[in-house]
Structure formats: C-alpha cells, structure tokens
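Visitor: A predicted structure for the sequence below; I have some questions about it.
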Amino acid sequence: MVRVVRLALIGFGTVGRSLTKLVALKNKLIEEKYGVRLSIIAVADSGGAVVKEDGLTPYELLRLCELPRSAVSTFTPYGLPGAGVREIYSRVVPDIHVEATPSNYVDGEPGVSNVLYALESGAHVVSCNKAPFVLRFRDVMDSASRKGVKVRFKATVMAGTPLIDLLMSLKGYEIEGLEGILNGTTNFILTEMHENLVTYEEALKKAQLMGIAESNPDLDVKGWDPAAKLVIISNVLGMPMKLGDVVRDDLSRLDVREVFRAVKEGSVFKFIAALDLREGRASVKLTKVPRGNVFASITGTLNAVRIRTDVNEITIVGKGAGGSETAHSVLDDVITVAQEVGS
Ligand code: HSE
C-alpha cells in the first residue's frame with residue numbers, strides 16, 4: 001500500500017529548487033521502491049508562500065522552479081504573498097517540514113524559529129539549514145523528543161556525502177577526533193588559485209556562479225561554515241562545542257603570490273577543519289600540505305574527512321557542496337523519516 005507523506009518546503013533557493021525538481025521527477029521511483037508518495041503541500045520563500053492542501057502536481061512543481069527568487073507567492077491560484085511558516089501551519093500541518101532557508105549564525109533566524117515551530121506543531125523536521133543545529137542543538141532535540149517526532153540533518157555536513165550517518169553508525173568505537181576539508185567553496189577557490197593561478201576574487205566569483213557559496217560568502221571564506229559543521233559534528237558525538245570556540249583563519253587574505261610560492265615548493269594550500277575531542281579543541285586553518293598528502297588530492301568542490309578512532313582511521317571523500325548533492329541528501333532524510341514513522 002502506498003502512503004502519502006505531506007511535505008512543507010521552507011526556503012526556495014538553490015537547494016529548495018533542486019529538491020522540488022527531484023520530488024517531481026523521482027516520486028514514481030520512490031513510490032515503487034519505498035511505498036511512499038511525497039506530496040509537497042506548501043512552499044515558502046522570503047516573499048510568501050504557496051499552499052495547496054492536496055499537493056502540487058509534478059507539472060506545478062516544475063513551473064514553480066521557473067519563477068524568479070522570492071516570487072513563489074505569485075503562483076496563482078495558490079500564492080499567499082507575505083505568508084510565513086505560521087500562516088502556512090494555520091492552513092495545513094505537514095508530516096515533514098523541510099527547512100532549506102540560508103544558515104544565519106548571528107541569531108539563527110529564520111531557521112531556528114521555523115524548526116522549533118514545526119516541531120512544536122508536531123511535524124517531523126529535515127533540515128539542510130545548519131543554524132538550528134549549531135546554535136540550538138539541545139533545544140531542537142529536546143523539543144523533538146517531547147513531541148515524539150524525528151529530526152534529521154545529514155545534509156548540513158558534507159552535503160551529499162553521508163558523514164553524519166557514518167559517525168552515528170560508529171557505536172562501538174571511541175572517536176578521538178577528525179580533520180579534513182569541510183567546505184566546498186573554499187576548496188574550489190584554493191584549487192582554482194593553485195591550478196590556474198587566478199586571484200582569490202576571480203575564483204570566488206566562479207564559485208558563486210556555480211551556486212555552491214553561501215548566500216553570504218563571508219561564511220565560507222572566513223571559516224564560519226566549516227566551523228559550524230565542526231560544531232554540528234561535536235554535538236552529534238556528544239561533546240558539544242560552541243561556534244565561538246572554533247579558531248578560524250580568513251582565506252580572503254590569501255594572496256595568489258603565496259599560492260605560487262607553495263606550488264614551487266611542492267605544497268598545496270588547504271582549508272583544514274580539525275576537531276580534537278580529547279583536548280576539546282576545534283579549528284579551521286589555512287594549512288600548507290605536501291603534494292603527496294591525501295588532502296592535497298582533494299580538489300574542486302570535493303570534501304574529505306579522516307576520522308580517528310581508538311582502533312583505526314576512516315577517510316570519507318565526496319562532493320561537499322552543490323544544490324543537487326544537498327537536495328539528494330535531504331531527500332534521503334525525508335525518505336528515512338517517512339519509513340521510520342510509517343506503518
Ligand atoms: N557553502 C557550503 C560549502 C555549502 O561550500 O561547502 C555546503 O554546506
């Protein structure tokens with residue numbers, strides 16, 4: 001028997017649109033494989049929302065993706081200009097709330113309020129917005145357990161590469177720490193600077209055109225994004241750290257001449273994020289690694305993390321940014337929640 005699972009998608013930028021297309025195009029396959037039909041009943045952006053109680057059709061979803069930014073509320077006859085999460089929930093309560101608004105580490109908004117409101121309303125939550133899990137991890141988890149609902153957020157770290165799932169599966173190991181490349185934008189910038197000797201500004205522009213940078217690219221280049229990911233990981237591993245505890249370098253200060261010197265001496269600049277659980281320390285540092293080092297071969301938007309445990313080292317490599325990769329990871333979480341709660 002096929003079960004209908006109703007989704008509200010909050011945030012309609014690069015990831016939100018990729019996810020919408022995925023649902024439109026992959027729903028049949030998902031239904032056949034997992035017995036679940038995903039029905040998007042609400043979509044919101046910063047200008048308002050679209051609400052259709054019996055679910056937007058694949059054709060409507062694809063048309064929605066053709067609208068400019070912040071314009072979903074112009075979608076007639078279902079558009080609601082100015083409507084936010086509260087207005088949506090006063091009309092329909094989804095089974096799963098998908099939070100795809102941009103991460104904001106100043107006050108966490110709108111992600112923190114949206115996620116807490118959804119949980120208090122009894123919706124399960126899947127998020128690729130990192131802020132609620134960086135700034136309010138305990139509150140989010142407590143609210144979810146009080147309401148008996150699920151929260152999943154694997155797309156917040158390494159986008160399409162399942163590091164969070166892997167870490168959660170290592171139940172018999174003592175994880176001592178990890179290090180690696182946790183930001184696709186800066187790794188892309190460093191690769192461009194290293195391989196093509198372009199300036200930092202040119203490389204950043206290219207990353208922005210590819211849609212991999214945060215809406216505010218300072219979050220990437222000043223290390224906030226990889227630092228935020230370290231904080232999420234520390235919470236997942238039960239040793240919570242605060243964003244302010246993570247020591248960060250600023251990549252925008254890197255001059256292409258320094259990169260050139262590194263090339264000549266056989267080394268490569270990498271933005272290395274490191275978490276030492278035994279010492280309770282975390283950092284994101286611009287580091288020169290020798291060309292033979294494993295992280296030197298991680299180029300473009302690839303990410304890589306080496307997990308150190310009491311018995312071994314495990315390295316995981318994969319795309320760490322990108323609308324499609326992140327959307328697939330969100331979709332995985334949506335399907336997992338749908339399966340976990342279904343019966
Ligand atoms: N801006 C982020 C990055 C997106 O470049 O890694 C994925 O978190």
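Guide: The structure has been received and is ready for your questions. Only a predicted model underlies this, so the values are computations on that prediction, with no experimental measurement involved. Residues are numbered from 1 along each chain as shown.

Visitor: so who does Tyr117 touch?
Guide: Tyr117 sits next to Val85, Arg86, Tyr89 when contact means Cβ atoms under 8 Å, 6 or more residues apart in numbering. All C-beta atoms are positioned from the backbone trio N, CA, C, and that covers glycine.

Visitor: Now which of those residues would you call buried?
Guide: When burial is judged by neighbour count using 16 or more other Cβ atoms under 10 Å, the buried members of the contacts of Tyr117 are Val85, Tyr89.

Visitor: Quickly check: the helix or strand that Pro226 is a member of near the ligand or not.
Guide: If you go by DSSP states H and E, Pro226 is part of helix 224-236. Yes: contact of helix 224-236 with the ligand is found when judged by Cβ under 6 Å from any ligand atom, involving Asp225.

Visitor: So what's the residue count around the closest residue to Ser267 other than its chain neighbours?
Guide: Closest residue to Ser267 apart from its sequence neighbours, by Cβ to Cβ, 6 or more residues apart in numbering: Lys288 at 4.5 Å. Other residues within reach of Lys288 by the criterion other Cβ atoms under 10 Å amount to 17.

Visitor: and what of Glu32?
Guide: Using other Cβ under 10 Å, Glu32 is surrounded by 9 other residues.

Visitor: pretty sure it is in a helix, no?
Guide: Yes: with DSSP: H, G, I helix; E, B strand; the rest coil as the criterion, Glu32 is part of a helix.

Visitor: rewinding a little: what separates the helix holding Pro226 from the chain centre, distance-wise?
Guide: Centroid displacement of helix 224-236 relative to its chain, using Cα atoms, centre = their mean, to the nearest Å, is 11 Å.

Visitor: what distance separates the helix or strand that it is followed by from the centre of its chain?
Guide: Tracing the chain past helix 224-236, the next element assigned as helix or strand by DSSP H and E is strand 246-248. Distance of strand 246-248 from its chain centroid, counting by Cα atoms, centre = their mean, is 20 Å.

Visitor: Pull out the buried residues from the next helix or strand after strand 246-248.
Guide: Downstream of strand 246-248, the next assigned helix or strand under DSSP H and E is helix 256-264. Applying a neighbour-count criterion of 16+ other Cβ under 10 Å, the buried positions in helix 256-264 are Val256, Val259, Ala262, Val263.

Visitor: Show me what helix 256-264 is packed against.
Guide: In this structure, helix 256-264 packs against helix 184-196, strand 267-276, with contacts taken as 3 or more Cβ pairs under 8 Å, 6 or more residues apart in numbering; DSSP states H and E.

Visitor: neighbouring contacts of it?
Guide: Under Cβ under 8 Å, 6+ apart, the answer for helix 256-264 is Leu190, Met193, His194, Leu197, Val198, Thr199, Tyr200, Val268, Phe269, Lys288.

Visitor: Pull out the buried members of those.
Guide: Neighbour-count burial (16+ other Cβ under 10 Å) applied to the contacts of helix 256-264 gives Leu190, Met193, His194, Val198, Tyr200, Val268, Phe269, Lys288.

Visitor: Tell me which two in those residues are the farthest apart.
Guide: Distance extremes for the buried ones among the contacts of helix 256-264: the farthest pair is Val198 and Lys288 at 18.8 Å, using Cβ to Cβ.

Visitor: re the thing from before, can you tell me which of the buried ones among the contacts of helix 256-264 comes closest to Pro110?
Guide: Each of these was checked against Pro110 using Cβ to Cβ; the closest is Tyr200, at 30.7 Å.

Visitor: Now do that closest one against His194, distance only.
Guide: From Tyr200 across to His194, the span is 12 Å (Cβ to Cβ, to the nearest Å).

Visitor: cool, and Gly244?
Guide: Spatial separation of Gly244 from His194 under the definition Cβ to Cβ is 31 Å.

Visitor: Same question for Ser39.
Guide: Using Cβ to Cβ, one obtains 46 Å as the distance from Ser39 to His194.

Visitor: Ok, Ile314 next?
Guide: 27 Å.

Visitor: contacting residues around the residue lying closest to Val51 once chain neighbours are set aside?
Guide: With Cβ to Cβ, 6+ apart as the measure, Ala42 is the residue that lies nearest to Val51, at 4.7 Å, once sequence neighbours are left out. Contacts for Ala42 (Cβ under 8 Å, 6+ apart) come out as Leu7, Ala8, Leu9, Ile10, Ala49, Val50, Val51, Lys52, Ile88, Arg91, Val92, Pro94.
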